[in-house]
Structures are given as structure tokens and as C-alpha cells.
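Trainee: Output the structure for:
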Amino acid sequence: MPRVVDYPRASLRRSLALAEVVDKLGGEASDESAADGLGNKVSGAFRALVGGAVKYGLVSTSKGRIKTESLYQDYKLAYDDASKLHALRTAFLSAPLFNELVGRLNGQPVPSHLEKLMIREYEVPPEAASRIVQYFIEGSKEAGILSSATGLISLNPAAPTDTKIIPGTGQLRVAGSAPTITNENYSELAALEPSPLPADVYTVRIFGPGIDTKITIKEEEDLEIVEVTLRKVKRLLKEESNSQSTA
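Mentor: The predicted structure follows:
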């Protein structure tokens with residue numbers, strides 16, 4: 001049986017642009033409204049873009065309507081560059097093919113035969129392979145996975161502490177989240193320890209399923225950010241409780 005591997009038919013950058021348009025339209029929009037917001041028409045190319053944004057976990061679709069997902073909100077409302085980068089990485093690695101490639105190439109440069117690798121081992125159609133390679137390279141740079149300095153694929157430079165990548169699942173597992181493992185053959189990538197902070201600086205870090213935020217408190221107003229984040233956690237816990245009660 002042919003191996004089924006999922007890959008996005010759009011770049012991470014364009015998918016973010018689509019999610020931004022839908023967000024500006026209230027977080028949910030028709031295909032026609034979203035396409036018009038991008039200056040496009042509903043066509044095969046537009047549907048490929050929507051499919052790509054779905055693969056990255058930025059939007060969902062149902063009955064001709066597009067809705068932004070919580071991952072896009074994490075990116076949009078990130079308090080700092082580290083949180084925004086984490087959201088980008090989570091989106092990039094939500095595409096199963098890209099997730100698997102990063103796990104396979106960790107610590108190595110992008111191979112010159114990557115296009116042939118995609119065709120031979122990952123069932124990517126030959127006519128699409130060069131484009132998918134471009135999406136992989138561009139997206140991995142934007143997510144800080146492909147280093148411009150060393151040219152190596154690596155999650156280590158900015159990965160959150162206790163992060164695990166599970167190839168083929170499109171998921172990052174962060175400490176505090178329940179394990180989600182679909183097979184026994186997964187790679188665990190050690191992350192760097194966070195840099196120590198000055199003794200006179202207060203820091204609050206809240207992390208778990210769907211959230212990883214570190215807030216530096218220098219003045220009383222910064223506590224408002226902590227309160228907003230805790231309200232988000234409360235909302236997520238309530239949604240989880242409701243979903244369990246209706247299951």
C-alpha cells in the first residue's frame with residue numbers, strides 16, 4: 001500500500017496571511033470573503049492555500065466557511081518574540097511531512113537531493129516536489145528551525161524546555177501536556193535550558209497544552225498580562241471540561 005504523507009500546498013507565510021484576513025473579518029468568513037480579502041478569487045489555487053493553512057493548524061473549514069484556530073491567536077497575541085516563534089514552529093511542524101523531515105534531518109544541513117527524497121520516500125508528486133521543497137526551506141527559516149548562520153536543521157536554539165517532537169503527528173509536546181504518541185518510534189529533542197535572569201527581576205512562566213508564555217514583571221502593569229494569561233488558561237480548562245462532559 002502506498003505511504004500516505006500529508007504536506008501543505010502553500011507556504012507558511014501565505015497561510016498566515018489568509019488567517020490574518022479571516023481574523024480581520026471576525027474570525028470566521030466565507031470562502032468568497034476570504035479570497036476577496038486577499039485580492040483573489042475562489043479557485044484551485046485559493047483552495048490549495050486554504051488546505052495549506054489547515055495543514056499548519058491555523059484555520060479550519062466547514063461548509064464553505066473558514067475559521068481561525070487558537071494557534072493563530074497564539075501567534076497574533078504573543079507577548080514576546082519567543083512565544084511568537086514557538087507558535088510559528090508549532091504551525092510549521094503541524095504539517096506531518098515537515099514534522100517528519102525535521103525529526104529525520106535534525107542536526108544536519110538540508111540535503112541537495114531533498115526533492116528526490118520527497119518523491120522517492122514520501123510519495124510527493126514529481127510535479128509538486130520542487131514547490132514543496134521551497135515551502136519547507138522558507139518555513140523552516142521563518143520558524144527558526146533552519147539556521148541562517150550554520151545552515152543546519154535544529155530545534156534546539158529556541159525550543160521551549162521539555163519539548164518533544166513527535167514525527168508524523170504534527171505535534172509538539174510541552175511539559176504539562178498529556179502525552180500524544182501514535183507510534184513507538186519517535187524522536188525526543190533536548191532543548192536548551194532557559195537563560196538565568198537577574199536576581200531583581202520577577203518572571204512568571206505558564207506552559208501546558210496550547211500555551212507557553214514567559215512574562216517578565218518589571219512594574220505593576222505587567223501583572224495585568226499575567227491575569228489575562230490566567231483567564232485564557234481558565235477558559236481552556238472550562239472548554240476541556242465541557243468537551244469531556246458531552247463526550
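Trainee: show me where pLDDT drops low in the protein?
Mentor: 1-5, 156-201, 205, 207-216, 218-222, 224-225, 228, 243-247 (pLDDT under 70).
Trainee: Try it again at 50.
Mentor: For the chain, applying pLDDT under 50 flags the ranges 1-3, 5, 157-197.
Trainee: Please enumerate the strands of it.
Mentor: 28-30, 59-62, 65-68, 163-166, 171-174, 202-208, 211-217 (DSSP state E).
Trainee: which residues touch the nearest residue to Lys55 once chain neighbours are set aside?
Mentor: What sits nearest to Lys55 in space, not counting adjacent residues and going by CB to CB, 6 or more residues apart in numbering, is Pro8, at 4.1 Å. Just so you know, the C-beta spots here come from the backbone N, C-alpha and C atoms, and that holds for glycine as well. Taking CB atoms under 8 Å, 6 or more residues apart in numbering, we find Pro8 in contact with 15, 51-52, 55-56, 95, 98, 132, 135.
Trainee: Which one of those is nearest to Thr150?
Mentor: Phe98 (19.3 Å; CB to CB).
Trainee: I'd guessed the closest one sits against Ser140; true?
Mentor: Yes: contact criterion CB atoms under 8 Å: Phe98 and Ser140 qualify, at 7.4 Å.
Trainee: quick one, which of the two is more surrounded?
Mentor: Phe98 (27 against 23; other CB atoms under 10 Å).
Trainee: residues contacting that one?
Mentor: Going by CB under 8 Å, 6+ apart, Phe98 touches 7-8, 92, 136, 139-140.
Trainee: how about a markdown table for those, with distance to Tyr75 added?
Mentor: Converted to a markdown table, the contacts of Phe98 look like this (distance: CB to CB, whole Å):
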| residue | distance to Tyr75 |
| --- | --- |
| Tyr7 | 21 |
| Pro8 | 16 |
| Phe92 | 11 |
| Phe136 | 19 |
| Gly139 | 13 |
| Ser140 | 16 |
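Trainee: Give me the subset of those lying in helices.
Mentor: 92, 136, 139-140 (DSSP state H).
Trainee: Looking at those residues, which two lie furthest apart in space?
Mentor: Spatial extent of the ones in helices among the contacts of Phe98 (CB to CB) is set by the pair Phe92 and Phe136 at 8.9 Å.
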